[in-house]
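**Student:** pasting a predicted model and its sequence here:
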Amino acid sequence: MKDMSKINKGIAIFIVFLILVVLLGLVIKSQIDVIRQAREPQVGGLDIQFENGTTEPEVKAILKNYNMTVNYTIDYDSDNMLKRYYITVDQDKRMDIINELRKDENWPSYTEVKKGNYSIIMLPEEFIPDEEFLTMLGKNDLQLKKSLYCYIHLGDGSINWISEKSALRIKNELVTNEKVLTVSFDYVE
Amino acid sequence: MIYNKSGTGILILAMLLVGIALIPAASAQEEKDYSVNVEKAFEHANAHMIHFIATNTPGFENWTEASIDPKPLELYDPTGQKLYYQFSVYKNSSLIGRIDIGADKKMGHSVQLVELDSKPFDATEAMKKSIEIAKNEYPDGKIKSTQMVAYDYPAIGAMTIVKDKTTGDEHRIFVDVYTLEVIPDEPATETEPGIWSIYEQRLKNGIDKNLKNWQESDNLTKSIEQAATNKGVNINVAVTEDNIKKLSGDTTIVADTVQKDLSVTIYLQNTYYYCQPATAQMLTKYYNGVKPSQDSIYQMMGGVAPNGVTNDQALIYYKSSSGMNKPNSYKSTDVTFDKAVSEINNYRPFKSGTATHARVCRGYKQTDSEQYLRIGDPYYTSLGMAYWELIGSETNRIYVKS
C-alpha cells in the first residue's frame, strides 16, 4: 500500500508538472498573438463595386445597415476606379460554364465571388469583350454586366481613417449583401 | 481493480496532456522545415547576382567583379519571424548594393529585393540605441531580445523587446537604422510611420504557390552554378569581366529573360508623410517634363499636415488640369505582373503602393517564373537609386492615363 501511495503521488506530481508546461505554452502563445495583432495599417476609404443598376438610395440603405464606426460620405458612381465586367452563374453550373469559357484562347483571368446559390465571375479591369466571347456567353444564356463603383470616404474631418482590423470587419459584413460585389481598401500613405 | 481503473485513467490523462504539450513543438518543427539556412541563401545570392549581371539588368552595369560578403545581416519581421538574410555587395572595398534573400521558403522566390548603390548604415549603433532607450523608458524592465527588423517595409531598424516586471506587459522600441530616430510603436497612421508585417503580406500570395516559386529559384540557382562550373568559373568569388562575358553567352543563363526600365528620375520625399506627393512629383516630371514642388502637390491633394493622403485624394492632383493633367488616371487593386508589363511596355510608369507607402514603378524583369519590378522609392533615407523588388509586396497602384 505504501508503494502504491508513492506511485500515485509520483503520477500526481507528474500531471501537475505537465499542466504547468501546458499553461506556460498557452501563456507564451497568447503573448505572441498579442504581438502579432499589435500593428496594422490605416484605411481612409472603401472602394466598393456594386451590382449593375444599384441606385444611390440603395447604396445609402446598404451602408446604413452596417456598423461603420465612423462618419462617412459616399462618392456615388465615382470614376476613380474602373467599373468591372461580370457574369452571374448558378452554383451548380459554374464549373461547366467556366470550363466552357476556358476553351476560348482569349479567356481572361478572373476572380470568383460566391454568393449563396450563385457565383459572380469578375473579369479584369480593362477587359474588352470580343465577338467570340459574347457568342460564347449567348450560347450559355449568360448576361455580361458592368459593375457600379462607389467610394466611401471614412471620417468626419477630425479622424479620417479606421484601423485595417475594423475595415476588415466592415468588409466581411458588406460582402454578404447580394448587391455588393467587391470591397477593397484605400490606405493612408 | 479500482486501482487499475484509476491508474488507466491517469495514464490516458497523462498521455493527453503530453499530446497537448507536444503540439506546439510539432508546429515549431513544421515551421523549421521551411527555413532557409545561411549557406543556401549565400548560394542563391551569388547565382542570382551573376544572373542579373549576365543578363544586362539595368542598374547592374558596374557590378562586374563585385563580391558578396558571406556574413549577412539577419532581418526579422516585427512579429518575430525571420525575414531576410541581407547580403552586402562590395566592389573595391566599397559597398555597392545589398541582396535580400528570403529566410523562409513560404515567402516565395528567394531574391526578395536588390538595392543598388546602397547607403551604409551601422546596425550595431541602432541596436545599441534601442537598448539604451528601452533601459531608460523601462528601468525596471527586463530586456528580452534585440533584433534588426523590417519595421515598415522596406524601411529597417533595430527592435528591442522589453518586459515590464510590474505589469508583465511587453514593449517594443524601434530605432531607424539610418536616422537613428525612434519609431513610435503604434499602428501605421497618417501621422506616423507605422509598423506592419511584410511577411504576412507575402503569405497572401498563397503559401503553396510561394513554396513552388522558391523551388524554382533553387532550380535556377543550381542551373547557373552548373553552367558556371562547365565554363570553369567560380561564382562564389568576384567574377571578372571576361568570365561574365563567358557566362553572358551561355543560353542556360540568359534564356527567357525579358526586361524594360524607363528613365524616371527619383526624387526623395521632403518629409515622412510626403511619399504620395514625391511619387506624383516623379511622375509629373516624367510625363510633363516639369517638377512642381511637393508642397504644392500635397496642397492640391487636400493634404493636412502632418497627415498622409489616400489614393482617392492623390487622384485629385493626377486628374486636375492644373495638376498632372491625366484625367483618366485611376486607382486599382490589380497589382499583377502582367498589368505592370503592359503599362511599362506602353511607356507608362505608375504609382506602386504598399499598405503604408507610395513609390513609382518604372520597370520590370522576368526570368522564367521570377518576376521583379523596378521601384523608385522616395523614402528620404534612401539614396534615390531604384531597387529591384520581387512581385507580391504591393497592395495598390495608380495607373496614369491621359
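**Tutor:** Received the coordinates, thanks. Numbering: from 1, shown residues only, chains lettered A, B, ... in the order given.
**Student:** and the helices in chain A?
**Tutor:** In chain A, the helices defined using DSSP state H lie at A:2-37, A:56-64, A:94-102, A:131-139, A:164-174.
**Student:** mean pLDDT lowest where, among those?
**Tutor:** Ranked by mean pLDDT, those bottom out at helix A:2-37, which scores a mean of 60.
**Student:** you'd agree residue A:63 is up against residue A:73?
**Tutor:** No. With contact defined as Cβ atoms under 8 Å, residue A:63 does not reach residue A:73; the gap is 10.5 Å. C-beta: built from backbone N, CA, C; applies to glycine.
**Student:** leaving out sequence neighbours, find the closest residue to residue B:348.
**Tutor:** Nearest non-adjacent residue to residue B:348, counting by Cβ to Cβ, 6 or more residues apart in numbering or on different chains: residue B:400, 5.8 Å away.
**Student:** domain ranges for chain A?
**Tutor:** Here the domain parsing of chain A from automatic domain parsing is A:1-39, A:42-187.
**Student:** with chain B instead?
**Tutor:** Chain B breaks down by automatic domain parsing into domains covering B:1-33, B:258-399.
**Student:** and of the ones you listed, who's closest to residue A:114?
**Tutor:** Residue A:114 lies closest, by Cβ to Cβ, to one member of the domains of chain B: domain B:258-399, at 18.7 Å.
**Student:** what distance separates the opening and closing residues of that closest one?
**Tutor:** 22 Å (Cα to Cα, to the nearest Å).
**Student:** same deal with stretch A:112-127?
**Tutor:** Stretch A:112-127: ends 15 Å apart by Cα to Cα.
**Student:** run through who's touching it.
**Tutor:** Stretch A:112-127 has contacts (Cβ atoms under 8 Å, 6 or more residues apart in numbering or on different chains) with A:49, A:82, A:84-92, A:94, A:98, A:108-111, A:147, A:175, A:178, A:181-182, B:332, B:334.
**Student:** can you check stretch B:160-167 too?
**Tutor:** By Cβ under 8 Å, 6+ apart, stretch B:160-167 touches B:127, B:130-131, B:133-135, B:137-138, B:140-146, B:169-173.
**Student:** quick one on the thing from earlier: buried subset of the contacts of stretch A:112-127?
**Tutor:** A:49, A:82, A:84-89, A:94, A:98, A:110, A:147, A:175, A:181-182, B:332, B:334 (16 or more other Cβ atoms under 10 Å in any protein chain shown).
**Student:** just the helices from the stretch 101-250 of chain B, written as ranges.
**Tutor:** B:123-137, B:198-203, B:207-230, B:241-248 (DSSP state H, counting those that start in this stretch).
**Student:** okay, those, which one's buried deepest?
**Tutor:** Among the helices of the stretch 101-250 of chain B, helix B:198-203 has the highest mean neighbour count (mean count of other Cβ atoms under 10 Å in any protein chain shown), at a mean of 21.
**Student:** for the record, mean pLDDT for that helix?
**Tutor:** Per-residue scores along helix B:198-203 average to 91.
**Student:** next one: it to chain centre, how far?
**Tutor:** Here helix B:198-203 shows a centroid-to-chain-centroid distance of 10 Å under the convention Cα atoms, centre = their mean, to the nearest Å.
**Student:** around chain A, pick out the residues from the stretch 201-350 of chain B.
**Tutor:** B:275-276, B:307-313, B:315, B:330-334, B:336 (Cβ under 8 Å from any Cβ of the partner chain).
**Student:** now for the residues you listed: which two are most distant?
**Tutor:** B:307 and B:336 (30.2 Å).
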